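Trainee: Just the structure for this:
(2 chains)
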Amino acid sequence: MLFNSIEFAVFLPVVAIIYFILQDRCTRNVIPNAWLILSSYFFYMYADVRYGLLLLAVTLITYFSGYLISNVFHEAGRKKAVLVLTVVLLIGLLFFFKYANLLSSLISKDHALSVILPVGISFYIFQSLTYVFEIYKGKVQPASFISFAAFASFFPVLLSGPIENSSHLLPQFEEKHTFDYERIRHGLIRMTYGYFLKLVLAARLAIVVDRIYDYYLDATGYQLLLATCLYSIQIFCDFASYSTIAIGVAEILGFKLTENFTQPFFTDSCASFWRHWHITLNNWFRDYVYIPLGGNRKGTFRKYLNVFIIFTLSGMWHGADITYILWGMLSGLFQIMEALLSPVRKKLPRPVKVFTTFMLFSLSMLLFRSADMDQAMTVIGKVFTQFDISSVLTTSPFELGLGVFNLVYLLAGLLLLLIYDIINEKTGDAAGVILSRKTPVRWLVYYIAVIMILGSVSIGSQQFIYFQF
Amino acid sequence: MDKLKLFRNFILISIPLFVLCVLAYVLPFAYMSTEYVIWYEEYANSDSPAIDAKTVLVGDSRAKSSILPALLHEDTYNIAIGGATPMEMYYATRNYIEKNGAPQNAIVTFAPYHFCDIDNWDQALYYNFLKPGEVFEIYTKALELKDPVITKKGRIGEMVSYRLRLPSKYLSQMYEGKFTGNLSSNQERFDQIRGDLGYCEFGNAAGDDGLTHECYHEYFDYIPIVTLYYDRLLKLLIDNNVNVVVVQPPINQASSDGMHQEFLDGFTGYMEDIAEKYPQITVFPEIPVYDNIYFGDSIHVNRKGAALFTGDLKDKLEGIGYWDKNK
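Mentor: This is a model prediction of the structure:
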């Protein structure tokens, strides 16, 4: 079920109202959590009933592994064996769904498999695995099956994250969540901001980016560079929108999720950028790959190697395509180069560093956006050899697929995004700032947002980019 | 108290949404494209008939564009709807009969491919002329018959969105039509259709050698829900003592050359079965083939082609004494 669908507009109030009633009437959380499980499976199986079985299988495997580690085996070796087996099993499952088609086509084009990638699988497998890891480390106490199943299937984060750590989210399923007007209001503001990012900005940016990339052979280097930079903003708006809506939805229900994006385009280094972009995935790789590999404790070379490894893995996590893997490798390489050039970088003014960070990220996103390596190489070649500076002046915005109305809409939306992000950067809670304003100001903001969103509901694709991962 | 406050604020914040829904509901004739006018005219004619029609033409866009009522016979009106399959036309005809009583004669004409493709169901939902109960009935029948188009994933949400006139479905057209910008062109089209007694030209080129949809079907792969409603449509007319004749609209020479024989045989066999099942009605199963110059686009005849087909049909009907049957 999409967050931006009529079905969800009915689903969320029904789930929330019944959840609050159950929380009010039940002394323990078993029934409210069971209701969340039921709702989450309905949410997930709305796309395809078979997906529910997979989610259930992942839930059972991880819960059972956690149980074995915490309650059955007491020797470190056996616990480790269970952990390794679980990781191999679940990552193997993920690998199968992601790579089966590619590998089978490499072996035999005539007998290539056609495995459908279940939506959200990368997210909930990673989230469920945190339970086994944390149990193994002793940082999480074994949960009841109902609480764990509610955590593993929690619908706000199920399809596209944030990838929550069990140590953070799981205990919240044991807390009481009752109707709280202020909290719900705050959650609704977050949701509104998420819809704004998706519908007002991402959908319009997609029109420009798709127009140029669809006709990349005819485009100039300048146009392709522009589209690539806009794609960086598009994917931010698209992905951050999903995370923000998820955070808002969870907040309405009483859960506090981890922020997934904290103004990444304000950062002045690649290393810092990745601490502000898809934070929960990067935290996962940091906690369960980078640190176990030695992190930065085994010398500079190992540190760089570890960075390179986790970003390559991150690329592989995104998809079975060489462009994603290269994108991951490039992202890692940029950080290594940045560290090596640190003495020089320190002397640069901050705006230059912010700009450089954005451009390096956009360059890597070129691989992410390209359909295949041929397209990526052609685009790179054109950006560097056929820039055609005159096209800066001759490219009309109308050639990019947007009319005057949508262009003005987009620019106004980007300006509001900038203002919101500046407030967020300074206060850490732009939604709270809006809520603290006087009634007329607050309602003005509400109406501007609602009117801009309503004016965008029929623009472009309503699908979220990160669903494919 | 807080719950009431939340509810009140929710209503207040939704005002722009309500306004857009109301505008979408109130102004369709002013912002919709001209295709909408055909549906509008048909329903307007049912409510307040342009003439006291003794003969009605029932069918899809090919029926709408192939038969000129004024040339066919006196007191004839074309109530066919562009893009309609027998499903939509069944309800439109039932509505017409409920409001105006049954006509004496009905000429039923559908493109063969409309038995095999449901390509305008979204449009039918979008225009909202079918009543909620009718849409629901089609949906439940489609569920029974496992129709993938009508029961596709997310269809219920779409049906609700169309019915509520949600901006996600209508706003782009409202922008395109500048909210009331299409009013005069739609009124012009409406008057034109009225003036032509329900006839409406779809393509106006002076010839077309493009292939019609039927050429892309290797055999007559009819859709059960469409044939079910075709049956219901014929029964409706028969039950109301209407003198029914089934004719096929013409195709161009290029399409005739490109059509698969298996498709043609299948369709002819289906029409022969209809004739056998309903001996009260006359069925002309053969598909007339006209020169490409009579086509305004690849699937519809132009006005010249319509005059030719109407003339041929008139001769054919006179030949069987059709007009005398219900006198």
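
Trainee: from here on, contacts and neighbour counts on C-alpha atoms
Mentor: Noted.

Trainee: Starting from the helix or strand of chain A with the lowest mean pLDDT, tell me the next helix or strand along the chain.
Mentor: The helix or strand of chain A with the lowest confidence, counting by mean pLDDT, DSSP states H and E, is helix A:391-394 at a mean of 73. Counting by DSSP states H and E, the element after helix A:391-394 in chain order, helix or strand, is helix A:404-427.

Trainee: Quick check: which helices or strands does that next one pack against?
Mentor: Applying 3 or more CA pairs under 8 Å, 6 or more residues apart in numbering or on different chains; DSSP states H and E, we find helix A:404-427 packed against helix A:203-214, helix A:430-436.

Trainee: does A:Arg275 belong to a helix or a strand, and which?
Mentor: helix A:270-276.

Trainee: chain center to that helix: distance?
Mentor: 14 Å (CA atoms, centre = their mean, to the nearest Å).

Trainee: thinking again about what came up before, single out the most deeply packed of the helices and strands packed on helix A:404-427.
Mentor: helix A:203-214 (a mean of 21; mean count of other CA atoms under 10 Å in any protein chain shown).

Trainee: what element comes up after that helix heading to the C-terminus?
Mentor: Taking DSSP H and E, what comes next after helix A:203-214 is helix A:221-253.

Trainee: List the buried residues for that following helix?
Mentor: A:221-253 (16 or more other CA atoms under 10 Å in any protein chain shown).

Trainee: low-scoring stretches of chain B, by residue?
Mentor: B:326-327 (pLDDT under 70).

Trainee: give me the residue from it nearest chain A.
Mentor: Residue of chain B nearest chain A, by CA to the nearest CA: B:Ser168 (4.7 Å).

Trainee: residue contacts, the nearest residue in space to A:Ala150 that is not next to it in sequence?
Mentor: The shortest distance from A:Ala150 to any residue other than its chain neighbours is 5.0 Å, reached at A:Ile37 (CA to CA, 6 or more residues apart in numbering or on different chains). Shown in contact with A:Ile37 (CA atoms under 8 Å, 6 or more residues apart in numbering or on different chains): A:146, A:149-150, A:153-154.

Trainee: A:Leu340: neighbouring residues, count only.
Mentor: Here the count is done by other CA atoms under 10 Å in any protein chain shown, and A:Leu340 has 12 residues near it.

Trainee: Tally up the residues packed near residue 271, please.
Mentor: As the question left the chain open, I've gone with chain A. So A:Ala271, with other CA under 10 Å, has 18 neighbours.

Trainee: You answered for a different chain; I wanted chain B.
Mentor: If we define neighbours as other CA under 10 Å, then B:Met271 has 20 of them.

Trainee: quick one: it and B:Val283 touch, right?
Mentor: Yes - using CA atoms under 8 Å, B:Met271 is in contact with B:Val283, at 7.0 Å.

Trainee: Who are the packing partners of the host helix or strand of A:Leu188?
Mentor: According to DSSP H and E, A:Leu188 maps onto helix A:181-195. Here helix A:181-195 touches helix A:221-253, helix A:430-436, helix A:439-454, helix B:2-13, going by 3+ CA pairs under 8 Å, 6+ apart.
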